[in-house]
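**Student:** from the sequence below, what's the structure:
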Amino acid sequence: MILEVAILHIKPGVHSQFEADFKLAGQYISSINGYIEHTLQKCLEQENKYILLVKWEKLEDHTIGFRKSEVYLKWRDLLHHYYDPFPVVEHFEKVI
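**Tutor:** Numbers count the residues shown, from 1 in each chain. As a prediction, the model looks like this:
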């Protein structure tokens, strides 16, 4: 299993709409082969900061299966305009 981690900084004043659109966007990411689950968590110390955690069966399920799919374009159109700056996405695998 691979854990995708992205710190999301959302433009001020739009977090409620971002959360609503993110809920809609869940249908796109969850339709991809190799998707296991995802969660979006809001930072308590910084109002416009979130963390996205996505579990994938393997790295390519995200980097190829999702990112090169038609549904990624829908995800991108729905969410990417909220980010400032654009998030860095990293992948982790369990060690212990």
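**Student:** okay, CA-based contacts and neighbour counts for the rest of this
**Tutor:** OK.
**Student:** dihedrals phi and psi, E90?
**Tutor:** Backbone torsions for E90, taken as degrees, to the nearest 10, come to phi -130, psi 160.
**Student:** mind listing what it touches?
**Tutor:** E4, V5, A6 (C-alpha atoms under 8 Å, 6 or more residues apart in numbering).
**Student:** the residue lying closest to the second one once chain neighbours are set aside in helix, strand or coil?
**Tutor:** With C-alpha to C-alpha, 6 or more residues apart in numbering as the criterion, V5 has its nearest non-adjacent residue at 4.9 Å, and that residue is L53. Three-state secondary structure (criterion: DSSP: H, G, I helix; E, B strand; the rest coil) places L53 in strand.
**Student:** kindly report the same for E47.
**Tutor:** coil.
**Student:** wait, G65 touches Y35, no?
**Tutor:** No - using C-alpha atoms under 8 Å, G65 is not in contact with Y35; the gap is 9.4 Å.
**Student:** quick check on the nearest residue to M1 once chain neighbours are set aside: phi, psi?
**Tutor:** Spatial nearest neighbour of M1, excluding adjacent residues (C-alpha to C-alpha, 6+ apart): E57 at 4.6 Å. Main-chain dihedrals, E57, degrees, to the nearest 10: phi -70, psi -40.
**Student:** next, the contact list for A25, please.
**Tutor:** Counting by C-alpha under 8 Å, 6+ apart, A25 has contacts K74, W75, L78, L79.
**Student:** just give the nearest non-adjacent residue to the first one, would you?
**Tutor:** Taking C-alpha to C-alpha, 6+ apart as the measure, K74 lies nearest to Y28, with 7.4 Å between them; neighbours along the chain are not counted.
**Student:** can you pull the pLDDT of the one you found?
**Tutor:** Listed pLDDT for Y28 reads 97.
**Student:** that one: what secondary structure?
**Tutor:** On the three-state scheme (three-state DSSP), Y28 is labelled helix.
**Student:** quick check: the gap between E47 and L40.
**Tutor:** Distance, E47 to L40, by C-alpha to C-alpha, to the nearest Å: 14 Å.
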